[in-house]
Each structure stands twice: as structure tokens, then as C-alpha cells.
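[1] following is a predicted model, sequence given first.
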Amino acid sequence: MLILAFDDSHGLKELETVLKGLLGDELQFRGFDSPRELLKAAEQHGYDLVFADTKYRNRSGLLLLEELSFRCPRTNYVAVAADVSESDAMTMHHLHGGYIIETV
């Protein structure tokens, strides 16, 4: 399963560790700290699922998911955030995506 992710380096390492525990050798993981690079990889290689931290880099994770939804309406993605505003939650609802709320 090819999973693309957008977050800082720490978040990407944590996510990869968790997904590796769940998927084992089935996991192909590519992490990005640039929305542009993730979009480029998605176009070139496709993907099964995208994770994005919606608060990272000035909310560019949410914009990334909106762009993916526009380009590929059948996109599978999960938004991740430490907290979620009502506006962001409604945006994800309209994009038919899910949210994972990080807890400390």
C-alpha cells in the first residue's frame, strides 16, 4: 500500500512507525514537508492514501487535501491535527475525509 504523508519530520517518523506496525512489509511510505512535492509525487506515482497535518505550515495541509480532492475526486485521505476548528471540520466533511485528533 502506497501512503503519502505531509507533516514535519517528527510527525512523519511517528506516522511511518505506526503504519509499519499495522501494515508491515505491505507499506510503501513517502513523507513530504512540501505540498508541491507531494502533489508531484501523487501525479507521477499515484497512491492509495494520503495523510496530512492540516495545521503544519500555516494550514497548507488542509489546502493540500482540498487540491487533491479537486484533482482526484475519489481521493482517500486522512487529516491529522492537534486541534480542529469547526471550519476545518466542515471543510473535511465536505471533502468526505476523516480527521484524527492528536492527543498528548
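    Happy to help now that I have it.
[2] show me what the host helix or strand of N58 is packed against.
    Element membership for N58 (DSSP states H and E) is helix 56-71. Counting contacts by 3 or more C-beta pairs under 8 Å, 6 or more residues apart in numbering; DSSP states H and E, helix 56-71 is packed against strand 2-6, helix 35-45, strand 49-53, strand 77-81, helix 86-94. Glycine gets a C-beta too; all of them are placed from N, C-alpha and C.
[3] tell me the angle of that helix relative to strand 77-81?
    Here helix 56-71 points in a direction 160 degrees away from that of strand 77-81 (axes from the mean of the first three to the mean of the last three C-alpha atoms, to 10 degrees).
[4] got the helices and strands packed on helix 56-71 as TSV, with mean neighbour count columns?
    Rendered in TSV, the data for the helices and strands packed on helix 56-71 read as follows (neighbours: other C-beta atoms under 10 Å):
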stretch	mean neighbour count
strand 2-6	23
helix 35-45	15
strand 49-53	23
strand 77-81	21
helix 86-94	14
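[5] pipe these into TSV and attach distance to L27 per row.
    Putting the helices and strands packed on helix 56-71 into TSV (distance: least, C-beta to C-beta, whole Å) gives the following:
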stretch	distance to L27
strand 2-6	7
helix 35-45	15
strand 49-53	10
strand 77-81	15
helix 86-94	24
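[6] those: lowest mean pLDDT?
    Within those, confidence is poorest for helix 86-94, with a mean of 65 (mean pLDDT).
[7] ok so, going back, the helix holding N58: how far from the chain's middle?
    Centroid separation for helix 56-71 versus its chain: 9 Å, with C-alpha atoms, centre = their mean, to the nearest Å.
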